[in-house]
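Visitor: got a sequence here, can you build the structure:
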Amino acid sequence: MTEILIILGILLVLVIVLAFWIVGIYNRLVTLRNRFKNAFAQIDVQLKRRYDLIPNLIETAKGYLKHERETLEAVIQARNQASQAASNAASDPSNAGAVQALAGAETLLTGTLGRFFALSESYPDLQANANMMQLSEELTSTENKVAFARQAFNDAVTVYNTQRETFPSNFFAGMFNFKSAELFEVKDEAVKEAPKVSFD
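Guide: This next block holds a predicted model:
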């Protein structure tokens with residue numbers, strides 16, 4: 001009878017150790033998921049700041065760029081699309097499609113802003129405008145903050161995905177529905193090219 005109690009005791013200890021081990025893996029995955037969601041929230045803060053600066057920048061430039069209405073409208077439209085994509089991604093940063101859509105919208109916005117700034121260089125009075133200089137400086141600062149926040153997010157996503165994909169976590173990640181997270185990166189090479197400005 002004592003042998004049966006010893007065997008049952010050993011089995012009970014093994015079950016308890018196994019349960020704690022599974023709980024540990026689950027909690028680690030939850031912690032890492034929350035970490036990358038928090039990192040995305042930091043990107044979201046900076047993107048909102050960027051989106052708030054753009055209308056002020058366009059308003060300042062409107063008086064000088066009266067004949068460039070198409071460029072101004074393209075910037076505003078790209079800003080609105082990026083803002084909507086950021087809102088969608090912020091509601092669920094673990095949604096790979098939403099993060100990819102945001103990266104695409106950001107690529108478009110960066111391209112249109114590049115064309116806007118290239119065009120504005122042709123207007124010395126606009127370049128000398130104190131408000132324009134301040135807004136440009138704030139936008140540059142915000143762009144740097146977005147880049148740092150994006151790097152922190154991508155680092156957190158990489159750690160999460162690595163934990164999620166390694167054994168034995170991958171078994172429990174699938175069981176508990178921990179989905180792979182998407183890196184936030186610009187994949188369009190056209191953004192890296194210099195914008196072309198034409199005055200016909």
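
Visitor: packing partners for the strand or helix carrying Leu8?
Guide: Per DSSP states H and E, Leu8 falls inside helix 2-62. With contacts defined as 3 or more C-beta pairs under 8 Å, 6 or more residues apart in numbering; DSSP states H and E, the packing partners of helix 2-62 are helix 69-91, helix 96-120, helix 130-165, helix 169-175. No exception for glycine: its C-beta is placed from N, CA and C like everyone else's.

Visitor: distance to Val17 and mean neighbour count added to those helices, as a markdown table?
Guide: Supplementary listing: the helices and strands packed on helix 2-62 in a markdown table, determined by distance: least, C-beta to C-beta, whole Å; neighbours: other C-beta atoms under 10 Å:
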| stretch | distance to Val17 | mean neighbour count |
| --- | --- | --- |
| helix 69-91 | 39 | 17 |
| helix 96-120 | 35 | 19 |
| helix 130-165 | 21 | 16 |
| helix 169-175 | 15 | 15 |
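
Visitor: now render those as a markdown table, adding mean pLDDT.
Guide: Compiled in a markdown table, those are given as follows (pLDDT from 0 to 100):
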| stretch | mean pLDDT |
| --- | --- |
| helix 69-91 | 94 |
| helix 96-120 | 92 |
| helix 130-165 | 94 |
| helix 169-175 | 92 |
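
Visitor: of all those helices, which one is nearest Ile58?
Guide: helix 69-91 (5.4 Å; C-beta to C-beta).

Visitor: can you give me the angle the closest one makes with helix 2-62?
Guide: Compare the direction of helix 69-91 with that of helix 2-62 by axes from the mean of the first three to the mean of the last three C-alpha atoms, to 10 degrees and you get 160 degrees.

Visitor: understood, closing this out.
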